[in-house]
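Colleague: Mind folding the following:
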Amino acid sequence: WLVIPLLLPLGAGIAPLCDRLTAMLCKGHAPLRLRLTEIPEKGRTVVAVATLFSGKEDYARRLERFYYLNRDENLYFCLLADLPAGKERNAPGDEELIRQAKDAIDLLNKRHGERFFLLYRDRVKQDDGSYGGKERKRGAVGMLIRRLSGVEAGILYGSCPERVQYLLTLDGDTELSPGILKDLLGVALHPANKAYGVFQPAVHTELYSSYRTYFTRLVSGYAGVSFYECACFDRNMSLYGEGIFCGKGLIRLDKFRPAMELPEGKILSHDLPEGGIAGPLLVSDLALSDSVPGTPAAWDKRAHRWIRGDVQNLYFLFTREYPLSSVARRQILWNLFRHLTPVAALVSLGLGAVFLRGEVSALLVACAAYSYLLLPFSAGLLRDLLPSRALTAGISAIAESLLRLALDLASSAKQAFLALDGVCRSLWRMLVSGKKLLEWTTAADAEGGKSTLLYYLQKGLPGAVFGFLLFLVGGSSVYRLLGLVFF
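Modeller: The predicted structure follows:
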């Protein structure tokens, strides 16, 4: 009976080691590509930053930076923005937000020519009675794809270029590297890759973001270094010839259109099922950079949204109405197992504390329950101790790995209850209430949210209670020590 909950952490711990072994046996290769000095007419592309009007971010400056890094006659840049959710269809301050965005885009067009665009929508009534953009980010991107394809797209205010073949979708906190668009389009335009509808570059942590706070430095790992140094093995691409779409990538419009037919009002994390229909090609030697949440509170909010989105994607495992690939279906199930791993670890500790009192058995149960943390840590430690890495890693990397392990262990009980809350909340909304299925906040709003001492005490209370009970019930010093760590 104790083996059953231990299967998840053991599987999660062994999976990275299997990936490393498979990577040694199955040598991957970069996708074939054309070397482009300029983007041809058939590669005309719009770069779209999907976000909410908030007044907290200068997205016009971000678009201008993208233009400087990737200049070409057949590249256009679009701010795809929704008004923030509210209790009314029209709220005070809406006109001012739109006016500021229009003025900023007009200024860019005066400087650089007509290649910057603003597109936005009206609010519509949501299932919970509030007002916001229909289908959130997915709805906005879907309307843009239909508009660029010449299909009826609903009311989307603003103009956009014609004869566009590709769309690069980015979040509000994503950064482009110099020349990456030509390289991505070189892959997309190669005849050998015509079967793919999405071209997914690697996504790494942005260097400045990773060093904003000590917390971001711990959770970011080797941020900012060459992606060859941090290269990871993607089993799906190497074994099955198909990657996973994470929402930031190059879309071939004609191939992606069938992915726009997903059910409305049910899908929060739409990237995985969309990629499972369009067919993503992983281009791991090219990389985008993304910011990392600067506080534990912002980190937890993002994790909670991801958990809810992945649970809601279970819908696709029980229907054959949508032509998702088998790779995407397996990934949906794996995502759920990964989120439930901390929960399974706590269940294993609880059962062990009640039924297994010996010191040796308690140590074995604890090591197995946290193998998903200990095995990757041990493999990384052995790698950092190799002579070939002594100069690049050294004592500082090992110390950071130890601190990261300590942080993960100390917060594992809190993360378990966070995952349990996300899973239960999603199942309730899917099966009973049918409301708030698309609840979502931007990264900027998550960063600016409340993170007081009372907030952390409230969120950490369930884990602390579990630690207290583990300390009381556990008949072994191992359980008592873990109880103190959780508390």
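Colleague: isn't residue 294 right up against residue 212?
Modeller: Yes - the pair residue 294 / residue 212 is scored as a contact, 5.1 Å apart, by Cβ atoms under 8 Å. Using the backbone N, CA and C atoms, a C-beta is placed for each residue, glycine as well.
Colleague: list the buried ones in stretch 7-22?
Modeller: 8-13, 15-16 (16 or more other Cβ atoms under 10 Å).
Colleague: I meant to write stretch 352-370 there.
Modeller: Residues 352-353, 356, 362, 365-366, 368-370 are the ones in stretch 352-370 that count as buried (16+ other Cβ under 10 Å).
Colleague: ranges for the helices of the stretch 251-400 of the chain?
Modeller: Remark: helices assigned in the stretch 251-400 of the chain by DSSP state H, counting those that start in this stretch are 253-256, 271-278, 296-312, 326-355, 359-369, 371-384, 394-428.
Colleague: Tell me which of these sits nearest to residue 188.
Modeller: helix 253-256 (10.0 Å; Cβ to Cβ).
Colleague: Quick one: list the elements packing against the closest one.
Modeller: Helix 253-256 sits against helix 136-148, strand 166-171, helix 271-278, with contacts defined as 3 or more Cβ pairs under 8 Å, 6 or more residues apart in numbering; DSSP states H and E.
Colleague: Next, find the distance separating residue 219 from residue 411.
Modeller: Using Cβ to Cβ, to the nearest Å, one gets 10 Å for the distance from residue 219 to residue 411.
Colleague: just for this protein, where's the confidence low?
Modeller: Within the chain, the segments meeting pLDDT under 70 span 28, 55-57, 153, 221-233, 384, 386-394, 442-451.
Colleague: Strand partners (parallel or antiparallel) of the longest strand seen in it?
Modeller: In the chain, with assignment by DSSP state E, the single longest strand is strand 280-290. As defined by DSSP bridges, the strand partners of strand 280-290 come to strand 174-175 (antiparallel), strand 198-205 (parallel).
Colleague: how about stretch 256-276: buried residues?
Modeller: 256-257, 259-260, 262, 266-276.
Colleague: Out of the residues you listed, which comes closest to residue 92?
Modeller: The nearest member of the buried residues of stretch 256-276 to residue 92, counting by Cβ to Cβ, is residue 268 at 28.6 Å.
Colleague: residues touching that closest one, list them.
Modeller: 136, 305, 308-309, 312, 437-440 (Cβ atoms under 8 Å, 6 or more residues apart in numbering).
Colleague: for it, phi and psi?
Modeller: The phi/psi pair for residue 268 (degrees, to the nearest 10) reads phi -90, psi -50.
Colleague: and the residue nearest to it when sequence neighbours are not counted, what is it in contact with?
Modeller: Spatial nearest neighbour of residue 268, chain neighbours left out: residue 309 (3.9 Å); criterion: Cβ to Cβ, 6 or more residues apart in numbering. Contacts for residue 309 (Cβ under 8 Å, 6+ apart) come out as 267-269.
Colleague: now swap in residue 134 and tell me
Modeller: Neighbouring residues of residue 134 by Cβ under 8 Å, 6+ apart: 121, 124, 154, 264.
Colleague: Is it part of a helix or strand, or is it coil?
Modeller: Following DSSP: H, G, I helix; E, B strand; the rest coil, residue 134 is assigned to coil.
Colleague: how close does it sit to residue 438?
Modeller: Per Cβ to Cβ, residue 134 is found 9 Å from residue 438.
Colleague: Ok, residue 274 next?
Modeller: As judged by Cβ to Cβ, residue 274 and residue 438 stand 15 Å apart.
Colleague: With residue 185 instead?
Modeller: With Cβ to Cβ as the criterion, residue 185 and residue 438 are 32 Å apart.
Colleague: Next: residue 83.
Modeller: 15 Å.
Colleague: same thing with residue 81?
Modeller: With Cβ to Cβ as the criterion, residue 81 and residue 438 are 17 Å apart.
Colleague: Could you do residue 209 as well?
Modeller: Distance from residue 209 to residue 438, by Cβ to Cβ: 26 Å.
Colleague: between the two, who's got more neighbours?
Modeller: For the pair residue 209 and residue 438, the greater number of neighbours falls to residue 438 (27 against 20), based on other Cβ atoms under 10 Å.
Colleague: and that one, what are its phi and psi?
Modeller: Dihedral angles (degrees, to the nearest 10) for residue 438: phi -110, psi 20.
Colleague: Please apply the same query to residue 33.
Modeller: For residue 33, the backbone dihedrals (degrees, to the nearest 10) come out as phi -160, psi 160.
Colleague: can you tell me which residues contact it?
Modeller: So residue 33 contacts 183, 186-187, 190, 193 (Cβ under 8 Å, 6+ apart).
Colleague: can you do 10 Å?
Modeller: 182-190, 192-193, 199, 283, 285-286 (Cβ atoms under 10 Å, 6 or more residues apart in numbering).
Colleague: how close does it get to residue 432?
Modeller: From residue 33 to residue 432 the distance is 49 Å (Cβ to Cβ).
Colleague: And for residue 487?
Modeller: Distance check for residue 487 against residue 432: by Cβ to Cβ, it reads 34 Å.
Colleague: ok, those two, which is more surrounded?
Modeller: residue 487 (17 against 8).
Colleague: what about the residue nearest to the more buried one when sequence neighbours are not counted, which SS state?
Modeller: Leaving aside its chain neighbours, residue 487 sits nearest to residue 467 (3.7 Å; criterion: Cβ to Cβ, 6+ apart). Three-state assignment for residue 467 (three-state DSSP): helix.
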